[in-house]
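Chemist: Got a predicted structure here, sequence first:
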Amino acid sequence: MFKKIKFINIMIFFLGIFVMGLGSAIIYEAGLGTNSIGTFVDGVHYIIGVSRGIANTIVCIAFMIPAYFFAREFFGIGTFISMFAIGLFIDLWKLILNLFLINSVPAIVLFFIGIIINSIGAGLYIAANVGISSYDAFVMIIFKVTKLQYKYAKVLTDFLMILLGFIMSGVVGIGTIISAFLSGFLVQYAIRIISKYLKKKSPV
């Protein structure tokens, strides 16, 4: 499963999840709703009565099972690092952002800034080819099975997560819907641009 990894790829991977943490923290500060997987985690939290942190770990493990069998080529050391590091970076950025008066920025502006930054981070860490999260690997399964472009596969998967999360009483905000429509397009663009810069074939 674990292949030889270039140092530059490791650096790009960590830069990617660090940037993703910033984007996610800004999205949370905007208060317009979390992303699709956040809604699904929220639903699991309500249904089985565990903390959101534990619910997130359960969801990660649940997605890892089909991803391991059907999208194993996207697994790597980064798959396991991302399970814990992204959350830590989000918390770190939330502490940093609290030192600035970002609440004076209109919520919708904050939200779009967060979506763009988050997509750039996702593009970096996926293009680094060090291993992607179990949820992103699940998106890759949909991408491979349906033969859709990655952006459409991600939109489809995101809305499926929103629907399941909503059924389980997860919170859905206007930002959740906007994110589901936009993030697939932005992430695909970021992956392709960054892969081109790294002079390697884009996985999508």
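Modeler: Nice, thanks for sending it over. Residues are numbered from 1 along each chain as shown.
Chemist: and Ile117, what is it in contact with?
Modeler: 19, 22-23, 26 (Cβ atoms under 8 Å, 6 or more residues apart in numbering). Backbone N, C-alpha and C define where each C-beta goes, glycine included.
Chemist: who touches Tyr68 in this structure?
Modeler: Applying Cβ under 8 Å, 6+ apart, the residues contacting Tyr68 are Phe75.
Chemist: That one and Ile37, how far apart?
Modeler: 18 Å (Cβ to Cβ, to the nearest Å).
Chemist: which stretches of the protein aren't confidently modelled?
Modeler: Counting by pLDDT under 70, the ranges of the chain that qualify are 1-4, 53, 101.
Chemist: pretty sure Ser82 contacts Ile17?
Modeler: Yes: look at Ser82 against Ile17 with Cβ atoms under 8 Å: they come within range, at 5.9 Å.
Chemist: any shared contact partners between the two?
Modeler: Listed as contacting both Ser82 and Ile17 by Cβ under 8 Å, 6+ apart are Tyr125.
Chemist: okay but Phe89 is in contact with Phe18, surely?
Modeler: Yes: applying Cβ under 8 Å, one finds Phe89 in contact with Phe18, separated by 5.4 Å.
Chemist: When the two are compared, which one has more neighbours?
Modeler: Under the criterion of other Cβ atoms under 10 Å, the comparison of Phe89 against Phe18 puts Phe89 first, with 22 against 18.
Chemist: Go ahead and list the helix or strand containing the closest residue to that one other than its chain neighbours.
Modeler: Ranked by Cβ to Cβ, 6 or more residues apart in numbering and with sequence neighbours excluded, the top spatial neighbour of Phe89 is Gly21, at 2.7 Å. Of the helices and strands defined by DSSP states H and E, Gly21 is found in helix 7-30.
Chemist: which residues touch the residue nearest to Phe89?
Modeler: With contacts taken as Cβ under 8 Å, 6+ apart, Gly21 has the following neighbours: 86, 88-90, 92-93, 121.
Chemist: ditto for Ser183
Modeler: Neighbouring residues of Ser183 by Cβ under 8 Å, 6+ apart: 35, 115, 118-119, 122, 154, 158.
Chemist: which other residues reach the host helix or strand of Ser82?
Modeler: Remark: Ser82 resides in helix 77-97, with elements defined by DSSP H and E. Counting by Cβ under 8 Å, 6+ apart, the neighbours of helix 77-97 from elsewhere in the structure are 2, 5, 13-14, 17-18, 20-22, 24-26, 28-29, 53, 56-57, 60, 64, 125, 128, 130-134, 137.
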